[in-house]
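Chemist: Below: sequence and its predicted model.
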Amino acid sequence: MYKEMVTARYYEERLQEEYLEGKQPAFDISAGPIPGELHLAAGHEASGAGVCAHLRDSDTVTAPHRPHHVAISKGVDLERMTAEIFGRETGLSKGKGGHMHLYDPEVNFACSGIIAQGCPPAVGAALTAKKRNTDDVAVAFLGEGAISQGAFLESLNLAAVQELPVVFVIEDNDWAISMPKERVTDVEDGSRRAWGFDMHGERVDADDAVTVYEAADDAIGRARDGNGPSVLEVQVHRRMGHFMGDPESYRPEADVERAQRRDCITRMETRLREHGFEESDLEGIREGAHERVDEAIEWAKDQPEPEPEATYEDVFTNSPDSWPDRPSREVTATDGGEE
Amino acid sequence: MAQAETPSASEIDRELTMSRAMVEAIAHEMREDEEVFVMGEDVADYGGIFDSTQGLLEEFGHDRIMDVPISETAFMGAGVGAAMQGMRPICELMFADFFGVCMDQLYNNMAKTTYMSGGSVSVPMTVMTAVGGTYNDAAQHSQTLYGTFAHLPGMKVVVPSTAYDAKGLMHTAIRDDDPVVYMFHKRLMGLAWMPAPEGPKTGVPEERYEIPFGEADVKREGEDATVVTLGLHVHRALEAAEGLATDGIDAEVIDLRTLVPLDTETVLESVRKTGRLVVVDEDYHSYGVSGELIARATEGALEDLEAVDRVTAPDTPIPYSRPLENEFQPNTDDIAAAVRSITQ
């Protein structure tokens, strides 16, 4: 778990460096080697690592727009994920998805840019496991800002009535973009949403990977054993703005400091030291992680950008003969045909 | 051509209603492939509000004909998730009008996953949905919304007008590796409580056959004007054409059958022959199928075009009262009048 956590943290530190290149002094979101928005998950690592430690490749994970730590813990191909974030041809989605739309069918990972949107497909993956009579499970990650969404609540209900092997993991970082948690919900413990569906719900108050691991063991075990869905809420901390470039003018300085202080990685290191790990052991794990990340980023940056013509590909798996269905620019009034 | 060896509707004695033809195709595919299942509101014990799943429960049971809570976001999205795992769900959206309560799952997830994954994930899912008015159900239960679904990329859009087409297109839809929105007009289904016109009940072969997407059907050949339409209005256009024929106007009627992909070539060929085009659509006037067809005709056959008109629903919500809905609905006389106006 520690390895996944430091890999994710360093990965995002490196992404941040790459992202900011060319975007300063006046912030230009479309400039630099990584275009578009970038949502970093620094401070969330304990939940991704603690939950995904129980999962195998055939289990399904859906993640929200802040996906990197979950993807790394689920075993998503790091090189191709990085190439995707850089918009390269060899990326997971051939440069069509970007960092909010990462798909790795090898390990059954998907994420999406709209909050709570991954919940219904996770229910569908769990339904598939039930229909196919396997013991695979599905896990939907979402933020606490997403628990007011209909998609989440409808998914809880459908999963409950069908008794499906799915776990909803709420990462509570206290902020729904600029809205503090207390202004978006009167329920302090989001896992209590489960109770309204007669479903097991549990909250892990500290962003401690080992405690998350233990709670996830219960929830995933319950699903895998055919005992139905559950909700697990994990307190995490948002160490950065909602997106890169977010000035966070809405956020009290004390809250930022608290997030910096309560770092899940520091906590994990303390635990490991208590269990007899030497500093050199930790350093070794960190160095290995850094090397892997640096290699992935170097590889990704060397990859070619896609050809513009690829824009028209992959709309369908089974493309109609005439696809792409667009008027030919060469069309004249007399010949009129489509190529 | 899948149809080459299959007898056409007119060569078959056995006539089915459109709903029976659809159900026959679904049952056939479910027998062949265990991964095909149906999920929706009232699809099992009720048999589908519009008979679209009538009788399937008895053969396949509740595990494969699944009644679900009234929560379209959850079960449409679950369909997407199951399809991403390689299953072939058929999810029914009871009325197309209800798309608003699940559209995020349909157009952001179902329709875009293949593209956003660079083709590494496909979504072989069929969405069945009832469309259309003419029975005074007012603004929230009578829309066709063809243009809305066809406008958004990543889903194939099917609109059958006869039992023969309904069966062949359903087979193609379920076997297709992409999301297909299969929009059936309630007035064509052959429901006991909603009389259908004569046309949609046709001969239907017992064996399996596919109708390829993107092949419009010339339902009536003619020389003087091209009428392009779909769904219920195929039958109204045919009726109008029969009336026009007595006045010596020979109208060709093209049934688009699928909106995505769209068979532009068949339309252009006809327009090059007749020089005159009328597009008939039960959907709203603006920004829809009628505008799209006329744009394609002008892009592809401008020099052959002598006159163009369209007969559509107006840009108003659909009214309830009979005289109001009759005013709203494009009818046979409207179509005949439009053809007359551009041929004289």
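Modeler: Yep, it's here. Numbers count the residues shown, from 1 in each chain, chains lettered A, B, ... in the order given.
Chemist: how deep is B:H285 tucked in, by neighbour count?
Modeler: For B:H285, the neighbour count with other C-beta atoms under 10 Å in any protein chain shown is 16. All C-beta spots, glycine's among them, are computed from the backbone N, C-alpha and C.
Chemist: can I assume it is in contact with B:T312?
Modeler: Yes: at 4.2 Å, B:H285 counts as touching B:T312 under the criterion of C-beta atoms under 8 Å.
Chemist: residue boundaries of the helices in the stretch 1-150 of chain B?
Modeler: For the stretch 1-150 of chain B, the helices defined by DSSP state H, counting those that start in this stretch cover B:18-32, B:56-64, B:72-84, B:103, B:113-116, B:146-151.
Chemist: Please identify the nearest residue in space to A:E269, excluding sequence neighbours.
Modeler: Beyond its immediate neighbours in the sequence, the residue positioned closest to A:E269 (C-beta to C-beta, 6 or more residues apart in numbering or on different chains) is A:L282, lying 6.0 Å away.
Chemist: Doesn't the one you found lie inside a strand?
Modeler: No: assessed by DSSP: H, G, I helix; E, B strand; the rest coil, A:L282 does not belong to a strand; its assignment is helix.
Chemist: what residue ranges in chain B are flagged as low confidence?
Modeler: Under the criterion of pLDDT under 70, the regions of chain B flagged as low confidence span B:1-4.
Chemist: Closest to the centroid, which residue in chain A?
Modeler: Among the residues of chain A, the smallest C-alpha distance to the mean C-alpha position (C-alpha atoms, centre = their mean) belongs to A:P67, namely 1.9 Å.
Chemist: Bridged to the residue nearest to that one when sequence neighbours are not counted, which residues?
Modeler: Counting by C-beta to C-beta, 6+ apart, A:P67 lies nearest to A:C111, which is 3.9 Å off, once chain neighbours are set aside. Applying DSSP bridges to A:C111 yields these beta-bridge partners: A:A63.
Chemist: List the residues that contact A:C111.
Modeler: Listed by C-beta atoms under 8 Å, 6 or more residues apart in numbering or on different chains, the contact partners of A:C111 are A:62-65, A:67, A:70-71, A:100-103, A:118.
Chemist: Tell me how far it lies from A:L142.
Modeler: In this structure, A:C111 and A:L142 are separated by 11 Å, where distance is defined by C-beta to C-beta, to the nearest Å.
Chemist: quick one: common contacting residues for the two?
Modeler: A:64, A:118.
Chemist: who in the stretch 1-150 of chain A is up against chain B?
Modeler: Counting by C-beta under 8 Å from any C-beta of the partner chain, the stretch 1-150 of chain A comes close to chain B at A:60, A:62, A:91-97, A:101, A:103-105, A:108, A:110, A:112, A:114, A:117, A:119-128, A:131, A:138, A:150.
Chemist: Can you list which of the residues you listed are found in helices?
Modeler: With helices taken from DSSP state H, the overlap with the residues of the stretch 1-150 of chain A next to chain B comprises A:119-128, A:131, A:150.
Chemist: can you pull the pLDDT of A:S328?
Modeler: pLDDT, A:S328: 54.
Chemist: The closest residue to chain B within the stretch 151-300 of chain A is in what secondary structure piece?
Modeler: In the stretch 151-300 of chain A, the residue that lies nearest chain B is A:E154 (3.5 Å; C-beta to the nearest C-beta). In this assignment (DSSP states H and E), A:E154 forms part of helix A:150-162.
Chemist: Now do the helices in chain A.
Modeler: With helices called from DSSP H, chain A shows them at A:2-20, A:45-52, A:68-74, A:78-85, A:119-132, A:150-162, A:181-184, A:209-224, A:253-261, A:264-274, A:279-302.
Chemist: what about the residue nearest to A:P67, distance to A:V70?
Modeler: A:C111 is 8 Å from A:V70, by C-beta to C-beta.
Chemist: ditto for B:G214
Modeler: Computed with C-beta to C-beta, the distance linking B:G214 and A:V70 is 40 Å.
Chemist: These two: who's more crowded?
Modeler: When neighbours are counted by other C-beta under 10 Å, B:G214 and A:V70 differ, and A:V70 comes out ahead with 30 against 21.
Chemist: Pretty sure that one sits against A:T62.
Modeler: No: with contacts counted by C-beta under 8 Å, A:V70 stays clear of A:T62, the gap being 9.1 Å.
Chemist: any shared contact partners between the two?
Modeler: Taking C-beta under 8 Å, 6+ apart as the contact rule, the neighbours common to A:V70 and A:T62 are A:109, A:111, A:141.
Chemist: residue contacts, the last one?
Modeler: Contacts of A:F141 were listed using C-beta under 8 Å, 6+ apart, and they are A:47-48, A:51, A:61-64, A:67, A:70, A:118, A:169, A:171.
Chemist: So for it, what's the pLDDT?
Modeler: In the predicted model, A:F141 carries a pLDDT score of 98.
Chemist: which residues does it form a beta bridge with?
Modeler: A:V169.
Chemist: Point out the most buried one among the helices of chain A.
Modeler: The densest packing among the helices of chain A, expressed as mean neighbour count by mean count of other C-beta atoms under 10 Å in any protein chain shown, is seen in helix A:45-52 with a mean of 30.
Chemist: hmm, back to that, now do the residue nearest to A:P67 against B:S290, distance only.
Modeler: Summarising the geometry, the distance separating A:C111 from B:S290, computed by C-beta to C-beta, is 39 Å.
Chemist: Neighbours of B:P319, how many?
Modeler: The burial metric for B:P319, expressed as a neighbour count using other C-beta under 10 Å, is 18.
Chemist: any idea which helix or strand carries it?
Modeler: Of the helices and strands defined by DSSP H and E, none includes B:P319.
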